[in-house]
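Undergrad: From the sequence below, what's the structure:
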Amino acid sequence: MADDIKTSAAELMKKVLTVGVGAIFLTEESLRSMISEFKLPKELLNGVIDSANKSKNEFLQSLSHDVISRVMDRLDAAAVIQEIFEKNEIELNVKINIRPKTKKSKSALNPTPVDEN
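TA: Presented below is the predicted three-dimensional model:
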């Protein structure tokens with residue numbers, strides 16, 4: 001009996017860890033189907049999904065902030081732009097067309113009033 005409890009606890013922990021890590025990489029529908037195996041009440045299920053989405057958003061925001069800050073620490077943007085201007089010739093082509101408006105008929109511009117009698 002103790003082995004059954006240990007096996008069940010180990011299996012449950014494996015599923016919980018899978019859901020926890022999977023929340024970052026899975027879509028909401030995939031996460032819902034995975035969590036539905038736990039037979040949770042709907043309110044608790046929605047709470048878990050909301051919490052997973054919030055955690056995922058915070059993780060991705062933190063990750064992107066860290067990556068950008070590390071890149072910017074190692075990259076001098078002004079030097080890169082200066083190097084691009086020094087090593088390359090820049091050519092701009094602009095084409096502007098101005099055409100006269102087509103003339104509308106006088107009756108279209110001044111409609112005749114309708115006689116209400």
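
Undergrad: which regions of the protein lie under the pLDDT threshold?
TA: 1-6, 8-9, 12-28, 31-32, 34-40, 105-117 (pLDDT under 70).

Undergrad: mind listing what's buried in the longest helix along it?
TA: Looking across the chain with DSSP state H, the single longest helix is helix 42-74. Across helix 42-74, burial judged by 16 or more other Cβ atoms under 10 Å covers L45, V48, I49, A52, K56. Heads up, the C-betas are built off the backbone N, CA and C, glycines and all.

Undergrad: Among these, which pair sits farthest apart?
TA: Maximum pairwise distance among the buried residues of helix 42-74 (Cβ to Cβ): 16.3 Å, between L45 and K56.

Undergrad: three-state assignment of S33?
TA: helix (DSSP: H, G, I helix; E, B strand; the rest coil).

Undergrad: For it, give its distance to L63.
TA: 26 Å (Cβ to Cβ, to the nearest Å).

Undergrad: before we move on, back to that, using CSV, please lay out the buried residues of helix 42-74 together with distance to V67.
TA: Below are the buried residues of helix 42-74 laid out as CSV (distance: Cβ to Cβ, whole Å):
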residue, distance to V67
L45, 33
V48, 28
I49, 27
A52, 22
K56, 16
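
Undergrad: Export stretch 94-103 to CSV, keeping only CA atoms.
TA: What follows is the C-alpha trace of stretch 94-103 in CSV, where atoms were taken according to Å, rounded to 0.1, in the frame of the first residue of the first chain:
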residue,chain,number,x,y,z
VAL,A,94,11.3,59.0,-54.7
LYS,A,95,8.6,59.1,-57.3
ILE,A,96,5.7,61.5,-56.9
ASN,A,97,2.8,61.8,-59.4
ILE,A,98,0.5,64.8,-59.4
ARG,A,99,-2.5,64.5,-61.7
PRO,A,100,-5.4,66.8,-62.2
LYS,A,101,-8.7,65.8,-60.7
THR,A,102,-11.2,64.5,-63.2
LYS,A,103,-13.9,67.1,-63.8
